[in-house]
Each structure stands twice: as structure tokens, then as C-alpha cells.
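Enquirer: Coordinates for the following, if possible.
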Amino acid sequence: MQKIRTRFAPSPTGYLHIGGLRTALFSYLWAKKNKGEFIIRIEDTDRARLIANADQELIDTLAKLGINSDVAIKHQSDRLALYQKASDKLIDNNNAYRCFCSPERLDEMRTKQQKNKQVPKYDRHCLNLSKEEIDKKIVAGQKFVVRFKIPDNEIIVGQDAVYGKISIKGQDLDDFVILKSNKFPTYHLASVVDDHDMRISHVIRGEEWMPSLPKHILIYEALKYALPTFVHLPLLLNPDKSKLSKRQGDVAVEDYLKKGYLIEALLNYVALLGWNPGNNKEFFMLDDLIKEFSLEKINKAGAVFDVTKLNWFNAEYIRKIIIQNDKRFDQLISNAESFLGKNSHQAKKVLRLFGSRIDNLSQLGEDSKFLFDLPDYDKKMLIFKKSDLAKTKEAINLALGTLGKIHHSEWNQDTINTSIKDIIEKRKLSPGDIFWPLRVACSGLEQSPSPAELLEFLGKEEALTRVKKAIKKLA
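Expert: Numbers count the residues shown, from 1 in each chain. Reported below is the predicted structural model:
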């Protein structure tokens, strides 16, 4: 039985796209589920679009997510001799031919075809050049590409694990380029040669490559390679059902990591884009996904990437980690520190205070700013809407006196709440009369964590200083 081998083959032309992460993740899960091997290779043959160091950044991002190659990572640019050999073989077997047409001729040809309402495709001008003509042009230094010769009157039939049987008439295909004039292969040739050479059993990639499948099948057959199993994943869509794009929000994995989205949440959510476990379970760690994943449960319909749903997952993971208080909480604290600047030493306390109120860790810096630098606020904010100035003055002065009597060792939410509630009972005040001005006094805001949480966080000295400031405002 053939060993399961999958691959993820990104082009180093930018950051890791959310769609790329899903392809990598599904490929990784399928290999690991079957005790096979997962391979990363870098498809860097499109020299015009390369970005310096993008290959290493892609590899590093995947490593952060726990997705590592089981074999040494190879770059296609180091394997040109392999593609040249395959191209020569296709030419020798009359499956491909050299094309010397200039860009100007090709442009003129397409313009005429469009004017005549024809489907633009190569007119095979160079198909029947004699060996003598070809040799003469090569000696003269004329540049050429190599085109694959589409068989005449043939129907290409293929099978996809998600979409089933596909068939297309050869006459609807163009004699596509497999080797460029700079001797670098196109995606079509390089991916087929590499997948065969690396013994890839399952080619898992995005649905956008479906139109290329007939071309690849033809190359496999012409080179007498065994076909792998093809698995095309449904498109990722924006909430408005348009194709996922930068115009409607972040699409780079790095953007989400920089904003403090957790790796567990990101992997969990991305795994559910186009795959359904077939039960009501929503939360999966990476090991759970490996056990549960199957190709049969990949959907055909496009999957909507909804940041609101991702936020929900991320918020749930943050809350779970804080509650469980295990080693993952230490990592969460470390991650949170980078968003708090000079207040990073307070990360643990800030997380406990805001952990149930945030979608991602980047919100901590802005949300917690008032804890370290009390904003100026209008004294009218101190008066609860159902109270008045007199009651507010009375309540906050009583609170100051009561809070001042609490020993530092007992300065916690329970003691603070009990003490304030005792005032409410004895003085026949409403909760709003006293809790509201305390909240505003401690935060300078109308919306914040509860007064007892704030008082505990600030500590007795800072808390009483802020309460005294409020009393001074009301004088």
C-alpha cells in the first residue's frame, strides 16, 4: 500500500494567506491521520513576483502554528535540471514543442481572435516547424518557450475526491506553456514533476486550481507517471459571498497573529472552513483534528470566512485558558505582555480583569489604558441617572471611609463588595447611588469592569487616591 504523502507548496510572493493556511492544515492533518509524511516545498519559479525572505517567513509562520515539514524543504529554483529533462522528454515524444512567437505576435493574434469573437488560444504557428528551422532559430539566438501539445479530438477525464468526475474536451484547451524562455518551468510542469518525484499520494489544493486539472492529467499521462488522488478545497468567501480578498479585511495569517489571535483558535476555526466533523463538536485542538479529519467530510460549497465567528472562537479560548490556569496561561501572559508596553509586568492581572471581555489580545492595551493613567472626566458622570448630587456625595464619602478601614491583606473583591453592600443596607441607598460613582471614580469611564474588580486591581492606595479625586470634583 502506498504511503500517504501530502505537500503544501506556497509561492514566496507575500504572507501566508488564510486560504493557504487551510490548504497546509488539511494536507498536514491527512498525512498525520494516516501516519504518513507532510512536505513543504517552495514554488519560486515565478521570478518576477518573488519577495525577498518571504519563503523563510512562510516557513516560520507555519512552524509557529505547529505545521512542520517531515523532510528537508526544497526550492523549485534548485531543481531546474529536473524540469528541463521532463520538458525534453515531452518534446522528444511529440507531446510538446518549441514556440518562437514574439510577445508582439501573440498580442496581435489575441486581438484578432477577440475581434472575431473567438476564444483566445494559441494558433499553433510553431507546431510544425522542421528540425532544420528550429535549429536555425536556436543558433540565431531566438528565444523560445515550450508548449504542451493538446491531443486532438480527445476528452480528458479525471477524478476529484471532493467534486467527483470531471471531463473536458481537448479542443477547449490551449497549448499551454510548460517551460518559459528563461528556462524556468511554469506551475503546470513543475508541480507535476515535483509531485511525482516526491511521491505525493494526495494533491490537496484550492478549488481555483480545478481548471488546471485536465492539463496536469495530460502531463502525468505523457510522462507515464501514476496519478495521485486530487483533492480540491472549496473557495473561501467573504460574508457577502465574494471571493476572500484583502479589500474586505485581513487575509494574512501573520496579521491575526500580530493582533493577538491564539494559534489554537485560528487553527480550530480554519479547520471548520469547508470541513464538517459530522457532529456538534466545535472545539478541536490539533491532536483532536488529526483524529477526526477525513476527506469525505470536505464540503463542495464555498466556505465563508467570518471574522465575527473567529472572534468568538478566540474569545472562548482566552476564557478557557484563564479558567484552566495551566501552563497555557503562562504562554497567554507572555503573549499579552507585548501589547501592554511599559505595563507588561501587569499582564497577568490585566488578563484576569479583561479576559472575559476581549476578542483578541491586542485589545488589552487600549482597554486597560485607564488603569494606569486615569482619564480626565466630567464630574456629571459621577452621578447615576436615577440619583442626585446630594446622594452621590454622601455615598462616595461613606465609601471612602469604609474602604479606608479595610486592611491591605484583605483588599479583595469579596471584602470590598461586602463592605459597600453593608453601607447600602444601613443608609437605605440604591446600588446605583454608590457603585456607579465608584466605577467612574476608578475608571473615568461609563463602561468598565465592576467597581469591586477595579478597586482590587488598583490596590488600596491608588484606589483611595482616585476616590478622593472624585470627591474633590463633586465639592
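
Enquirer: Backbone dihedrals for Ala470, both of them.
Expert: Phi and psi for Ala470, reported as degrees, to the nearest 10, are phi -60, psi -40.

Enquirer: That one and Ala395 touch, don't they?
Expert: No. The criterion here is CB atoms under 8 Å, and Ala470 misses it with Ala395 at 10.8 Å. C-beta here means a position set from N, CA and C on the backbone, and glycine is covered the same way.

Enquirer: Report the set of residues contacting both of those two.
Expert: Jointly contacting Ala470 and Ala395 under the rule CB atoms under 8 Å, 6 or more residues apart in numbering are Pro437.

Enquirer: Give me the distance from stretch 266-281 to the chain's centre.
Expert: 14 Å (CA atoms, centre = their mean, to the nearest Å).

Enquirer: Kindly report the same for stretch 463-475.
Expert: 47 Å.

Enquirer: Tell me which stretches of this structure form strands.
Expert: 5-8, 37-42, 74-75, 96-99, 145-148, 155-160, 164-169, 177-179, 202-206, 229-233, 236-237, 303-304 (DSSP state E).

Enquirer: and the fourth one, which strands flank it?
Expert: Using DSSP bridges, the strands paired with strand 96-99 in its sheet are strand 145-148 (antiparallel).

Enquirer: Could I get the CA-only coordinates of the partner strand as CSV?
Expert: C-alpha atoms of strand 145-148 as CSV (Å, rounded to 0.1, in the frame of the first residue of the first chain):
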residue,chain,number,x,y,z
VAL,A,145,9.1,28.7,-24.8
VAL,A,146,8.0,25.1,-24.7
ARG,A,147,4.3,24.4,-25.2
PHE,A,148,2.4,21.2,-24.4
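
Enquirer: pLDDT on it, on average?
Expert: Mean pLDDT, strand 145-148: 98.

Enquirer: Quick one: residues in contact with it.
Expert: By CB under 8 Å, 6+ apart, strand 145-148 touches 87, 90-91, 95-99, 122, 126, 175-181, 188-189, 215, 218-219, 222.

Enquirer: Now the buried members of these.
Expert: 87, 90-91, 95-99, 122, 126, 175-180, 188-189, 215, 218-219, 222 (16 or more other CB atoms under 10 Å).

Enquirer: who's more crowded, Ala470 and Ala395?
Expert: More neighbours surround Ala395 than the other of Ala470 and Ala395, with 27 against 24 (other CB atoms under 10 Å).

Enquirer: what sits against the more buried one?
Expert: 387, 423, 427, 429, 433-434, 437.

Enquirer: Not counting residues beside it along the chain, what's closest to it?
Expert: Once flanking residues are discounted, Ala395 sits nearest to Ile434: 3.9 Å by CB to CB, 6 or more residues apart in numbering.

Enquirer: What score does the one you found have for pLDDT?
Expert: 96.

Enquirer: was I right about it contacting Ala399?
Expert: Yes. If you go by CB under 8 Å, Ile434 and Ala399 touch, sitting 5.8 Å apart.

Enquirer: list residues touching both of those two?
Expert: 420, 423.

Enquirer: picking up where we left off before, can you tell me which of the strands of the chain comes nearest to Leu272?
Expert: strand 303-304 (8.2 Å; CB to CB).

Enquirer: Run me through the strand neighbours of that closest one, direction for each.
Expert: strand 236-237 (parallel).

Enquirer: ok, and what's touching the strand it pairs with?
Expert: Counting by CB under 8 Å, 6+ apart, residues outside strand 236-237 touching it are 18-19, 22, 243-244, 273-274, 302-305.

Enquirer: One more pass at 10 Å, please.
Expert: 17-19, 22, 206-207, 243-245, 248, 251, 270, 273-274, 301-306 (CB atoms under 10 Å, 6 or more residues apart in numbering).

Enquirer: Neighbours of Leu445, how many?
Expert: By other CB under 10 Å, the residues close to Leu445 number 15.

Enquirer: actually Ala72, sorry about that
Expert: Ala72: 8 neighbours (other CB under 10 Å).

Enquirer: what do you get for Leu129?
Expert: Neighbour tally, Leu129, other CB under 10 Å: 17.

Enquirer: same question, Gln118
Expert: Neighbours around Gln118, by other CB under 10 Å: 11.

Enquirer: All further residue positions should be reported with the first residue as 37.
Expert: With the count now opening at 37, the last piece we talked about shows up as Gln154.

Enquirer: I'd guessed it sits against Arg146; true?
Expert: Yes. Here Gln154 reaches Arg146: they are 9.5 Å apart, a contact under CB atoms under 10 Å.

Enquirer: per-residue confidence at Ala511?
Expert: So Ala511 comes in at 89 (pLDDT).

Enquirer: what's the answer for Gln284, then?
Expert: 60.

Enquirer: and the contacts of Ala431, which are buried?
Expert: 423, 459, 465, 469-470, 473.

Enquirer: Quick check: the farthest pair among those residues?
Expert: The widest separation within the buried ones among the contacts of Ala431 (CB to CB) is 14.1 Å, between Ser423 and Ile459.

Enquirer: Counting neighbours, which of the contacts of strand 272-273 end up buried?
Expert: Buried among the contacts of strand 272-273 (16+ other CB under 10 Å): 53-55, 58, 242-243, 280, 287, 306, 309-310, 338-341.

Enquirer: check contacts around Ala132.
Expert: 122-126, 182-185, 211-215, 225, 255, 258.

Enquirer: Same question for Leu225.
Expert: 81, 118-120, 122-123, 126, 132, 182, 184, 212-216, 251-252, 255, 259.

Enquirer: And the residue nearest to Trp348 when sequence neighbours are not counted, how far from Asn347?
Expert: Leaving aside its sequence neighbours, Trp348 sits nearest to Asp395 (CB to CB, 6+ apart; 7.9 Å). From Asp395 over to Asn347 the distance is 4 Å, taken as CB to CB, to the nearest Å.

Enquirer: more neighbours, these two?
Expert: Asp395 (19 against 16).

Enquirer: Now for that one: which residues touch it?
Expert: 295-297, 301, 343-344, 346-351, 354.

Enquirer: Now do the shared contacts for Asp395 and Asn347.
Expert: 297, 301.

Enquirer: Quick check: Glu290 touching Gly56?
Expert: No. Contact criterion CB under 10 Å: Glu290 and Gly56 do not qualify, at 11.3 Å.

Enquirer: Settle it for me: which of those two has more neighbours?
Expert: With neighbours defined as other CB under 10 Å, Glu290 and Gly56 compare such that Gly56 has more, 23 against 16.

Enquirer: can you give me the end-to-end distance of stretch 420-429?
Expert: 11 Å (CA to CA, to the nearest Å).

Enquirer: wait, stretch 218-237
Expert: From its first residue to its last, stretch 218-237 covers 30 Å (CA to CA).

Enquirer: in that stretch, what's buried?
Expert: Buried-residue list, stretch 218-237, by 16+ other CB under 10 Å: 220-232, 234, 236-237.

Enquirer: list the contacts for the closest residue to Gly206 other than its chain neighbours?
Expert: Nearest non-adjacent residue to Gly206, counting by CB to CB, 6+ apart: Glu190, 4.2 Å away. Glu190 makes contact with 204-207, 209, 254, according to CB under 10 Å, 6+ apart.
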